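**Student:** next comes the sequence, and after it the predicted model I'd like to discuss.
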Protein chains: 2
Amino acid sequence: MSSAIKYAHDNAEAFRQQLRDWLRIPSISTLPENAGAVREAAEWLADNMRRSGLENVEIMPTEGHPVVYGDWLHAGNDQPTVIVYGHYDVQPAIKADGWQSEPFAPEERDGKIYARGASDDKGQIFAHVKAVESLLESEGRLPINIKFFVEGEEEIGSPNLPKFVHNHRDLLAADVCVISDTAIVSADQPSVIYSLRGLVGMEIEVQGPAHDLHSGVFGGSVHNPIQALTEILAALHDDNGTITVPGFYDAVVPLSDEERTELKKTTWEKAKWQEMTGAPQPWGEADFTLSERVNARPTLEINGIVGGFTGAGLKTVLPAKAMAKVSCRLVANQDPHHIFQLVHDYIMALAPPTVNISIRRVGGNSYPALIDISEPAMQAAATAYEKVWGRTPVYLREGGSLPIVADVQRELNAPVILMGFGLHTDNAHGPNEHFWIDLFRKGIDTIIHYYNEIAQR
Amino acid sequence: MSSAIKYAHDNAEAFRQQLRDWLRIPSISTLPENAGAVREAAEWLADNMRRSGLENVEIMPTEGHPVVYGDWLHAGNDQPTVIVYGHYDVQPAIKADGWQSEPFAPEERDGKIYARGASDDKGQIFAHVKAVESLLESEGRLPINIKFFVEGEEEIGSPNLPKFVHNHRDLLAADVCVISDTAIVSADQPSVIYSLRGLVGMEIEVQGPAHDLHSGVFGGSVHNPIQALTEILAALHDDNGTITVPGFYDAVVPLSDEERTELKKTTWEKAKWQEMTGAPQPWGEADFTLSERVNARPTLEINGIVGGFTGAGLKTVLPAKAMAKVSCRLVANQDPHHIFQLVHDYIMALAPPTVNISIRRVGGNSYPALIDISEPAMQAAATAYEKVWGRTPVYLREGGSLPIVADVQRELNAPVILMGFGLHTDNAHGPNEHFWIDLFRKGIDTIIHYYNEIAQR
């Protein structure tokens, strides 16, 4: 056992005590009345980072909540620079939502720390700070150069982060970015995520008559805008669940046979899928497994629709307009701007002359991310997990989007390594969020190994 | 000029004075706080009917607002009995909606009486009361037996009327029913409506997953219920606008060549249609004129749709359910219960196994009505209009529904004659509702002629 890992184990209780203190600060970024607590959580982190041996620690302003920066850059020019990203803000939580204990009064039960932010993301980013402390206190130095940037707006969509990263490209420059804000397959099976989907959203509005009409007086002669909208939306998939927009799949990087074999290790069985979704039957592209449909294939989803009268009973209105929200999950190498244009143009081509259609973008854009498994920084992560778990991690694709990943890849031109220590059952955004104490410990150990592994490559 | 018509002309100012008094009572049936005013309007009418010479005048209770009944039955058994239907309740109205004068402070401007209910329906039903008074005061008798039943719930869908008619079949028994609650083509072109569409409504709910899902975690493997709903709704019409439900048109009475020639006199030109609807282009069955599509063809209309997230921005939800409201306008001889079953069965046949669908009826049912133009009671109406206007009335179909028409046809086994004196520009349910003073006068004259005409047949 290395001296750093021994230090981490000897101080496990102190680390947990510190984490519990941090978790007491309700840094809910979406609530204006919690802005003070958000600031307090940033200051608490900055203070802890300084005491852990990080240097140049600074609370850097943005147009919203600040970013906490800190570094240690004395490993020498021949060693890589790792930048660690995380966030200190949390989702809203009140006990009445179904919490067993107060969300901001951390409790340890059954080997877990229960508190809002325990897993997402305070516990995970804090594991990096404590890994740094363990190395500096036990060995007096780090094997690599390191930078931290920890934001306070992840739970509200990181509105100011792309600009922050762009404006501080030099300060944040690194050879690799590590993010610990995801889950592994199970407590005893580590995993490494190498693919995330991107996202682009739009709002489609169909205008028929100039104002609501009486269906008795005009029905039969006017193209009902709800009907026109359903006709357009229904034409966007074929019977196989494949998207019909011309060119939509052109940039998709196909799955290799090796990749599909690897992914089969973690694929959903139908019974598991049904338990999770409660839907009557699976749906989607027959040529792909359920997991592949979600993780390796792009989608076009109708997130919302509204038009006409939707109250109790019946109102025989022929409405003036109808609206739908549509978003596409993207996979490498689809470009959100290009995909928006393709969907836009196809809908406009489908649009009948009997209605007027307008389409505008809503929500942020997010590029898909695909990280080369053979990348040394990726192999170092696999080795680090293996050293702590005694098991080779499986490689995973995830269907969600983490905009920061593609932003960092693009702005810093650095690969992004997703080293998660959470579980999908941590209830990250729900009541009784928790972080497994054993995974907190293993996380610190894995990070220490990772810093050593990547120094050797 | 007959003595009755002379009496009516001599008393025109007094009649208008009485109507204005009645219009001051805000008998808004939908507002619980106006229940007293609704009752007051019924009492005012009962009192005026008594003073006009009607007998057995009574305010008859229902489970909601009462019906005002009255009769005069001394014309002899060889003369027909006419029952007159109308309503004394009105739509809501406040000056802030855009009224030039207070909606319940009647004002005469430019030859019109402005007040809520002036045209719909106080002014029109009152013309019958004054026609009776004119005949009784000038000639001491009516040429026919007459009954009035005037309800107070028309503007809230007549929830208690079918039961009332059914329970009082004997009291209401008549040879013909006359309703003055519709519009004529224009102030100088009278018209007779001989067809109304029926109505049946339903709510379609599509349930996909058991609860809302994250589109990143499950999108691509779950049939989005909004998408499934749009796929079903889009399949209910073909490219021609024809409804695809098997058997939907089976009971439709086809238009005869003579009828189509008659209807061409009043058909909408495209420019007129565009002015009224503000829609970019007409839509619907190419084999029918715009007016025929609305008045002689059944429809299937999506009155409302809702599902998922519809607020500002984007929420990447894969929603658990989606709902649409659909109603069909029916033409003779479609049966609303049968049509519901056909649509229900077809949707269920279209339903994919990936979602669960439930369909339930909403709103009332209304049978379509088609009145034989050669009916003597119909010919008498045409003659009466011609005597007053000096022009032959045109025969019209209307696309809306008046449930009372089919109810009376069925329960009393009597033809229903729609003798309207309003105009489509009267703003019946909008601000500045008004009734043309000249049409009020012509209405009384026409009704006097009608009573005489039908006595001779």
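**Tutor:** Received it, and whenever you're ready, just let me know what you need.
**Student:** so residue A:361, which state does it fall into?
**Tutor:** Of the three states, residue A:361 takes strand under DSSP: H, G, I helix; E, B strand; the rest coil.
**Student:** who is it paired with across the strands?
**Tutor:** Applying DSSP bridges to residue A:361 yields these beta-bridge partners: residue A:202.
**Student:** how far away is the residue of the stretch 251-400 of chain A found nearest chain B from residue A:183?
**Tutor:** Ranked by C-beta to the nearest C-beta, the top residue of the stretch 251-400 of chain A for proximity to chain B is residue A:278, at 2.4 Å. All C-beta atoms are positioned from the backbone trio N, CA, C, and that covers glycine. Distance, residue A:278 to residue A:183, using C-beta to C-beta, to the nearest Å: 21 Å.
**Student:** higher neighbour count, the two?
**Tutor:** residue A:183 (22 against 15; other C-beta atoms under 10 Å in any protein chain shown).
**Student:** in contact with the more buried one, which residues?
**Tutor:** Neighbouring residues of residue A:183 by C-beta atoms under 8 Å, 6 or more residues apart in numbering or on different chains: A:420, A:422, A:423, A:424, A:426.
**Student:** right, and the first one touches residue A:180 too?
**Tutor:** Yes - with contacts defined as C-beta atoms under 8 Å, residue A:420 counts as touching residue A:180 at a distance of 6.0 Å.
**Student:** shared neighbours of those two, which are they?
**Tutor:** Common contacts of residue A:420 and residue A:180 (C-beta under 8 Å, 6+ apart): residue A:124.
**Student:** circling back to that earlier point, and the buried ones among the contacts of residue A:183, selectable in ChimeraX?
**Tutor:** Selection command for ChimeraX covering only the buried members of the contacts of residue A:183, criterion 16 or more other C-beta atoms under 10 Å in any protein chain shown:
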select /A:420,422,423,426
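**Student:** was I right to think residue A:320 contacts residue A:205?
**Tutor:** No - between residue A:320 and residue A:205 there is no contact under C-beta under 8 Å: 10.6 Å.
**Student:** who has more neighbours, these two?
**Tutor:** Using other C-beta under 10 Å, the more surrounded residue of residue A:320 and residue A:205 is residue A:320, with 20 against 17.
**Student:** now do the same for the more buried one: its pLDDT.
**Tutor:** Predicted confidence (pLDDT) at residue A:320: the value is 96.
**Student:** list the contacts of it.
**Tutor:** Residues in contact with residue A:320, defined by C-beta under 8 Å, 6+ apart, are A:207, A:208, A:209, A:210, A:211, A:212, A:213, A:225.
**Student:** swap in residue A:344?
**Tutor:** A:202, A:359.
**Student:** repeat that for 6 Å
**Tutor:** residue A:359 (C-beta atoms under 6 Å, 6 or more residues apart in numbering or on different chains).
**Student:** quick one: low-confidence residue ranges for chain A.
**Tutor:** Residues of chain A meeting the criterion pLDDT under 70: none.
**Student:** domain-wise, how is it divided?
**Tutor:** For chain A, the structural domains run A:3-196+A:368-455, A:198-250+A:298-361, going by automatic domain parsing.
**Student:** of these, which is nearest residue B:451?
**Tutor:** domain A:198-250+A:298-361 (30.1 Å; C-beta to C-beta).
**Student:** off-centre distance for that closest one?
**Tutor:** Domain A:198-250+A:298-361 sits 27 Å away from the centroid of its parent chain (C-alpha atoms, centre = their mean, to the nearest Å).
**Student:** got it, and stretch A:424-442?
**Tutor:** With C-alpha atoms, centre = their mean as the basis, stretch A:424-442 stands 16 Å off its chain's centre.
**Student:** check stretch A:141-159 too.
**Tutor:** Distance of stretch A:141-159 from the chain centroid (C-alpha atoms, centre = their mean) equals 14 Å.
**Student:** that stretch near chain B at all?
**Tutor:** No - residues of stretch A:141-159 are not located near chain B by C-beta under 6 Å from any C-beta of the partner chain, the shortest gap being 9.0 Å.
**Student:** and that stretch, what's buried?
**Tutor:** Buried residues in stretch A:141-159, counted by 16+ other C-beta under 10 Å: A:142-158.
**Student:** from these, which ones fall inside helices?
**Tutor:** Among the buried residues of stretch A:141-159, no residue falls in helices (DSSP state H).
**Student:** among those, which ones are in strands?
**Tutor:** A:145, A:146, A:147, A:148, A:149, A:150, A:151 (DSSP state E).
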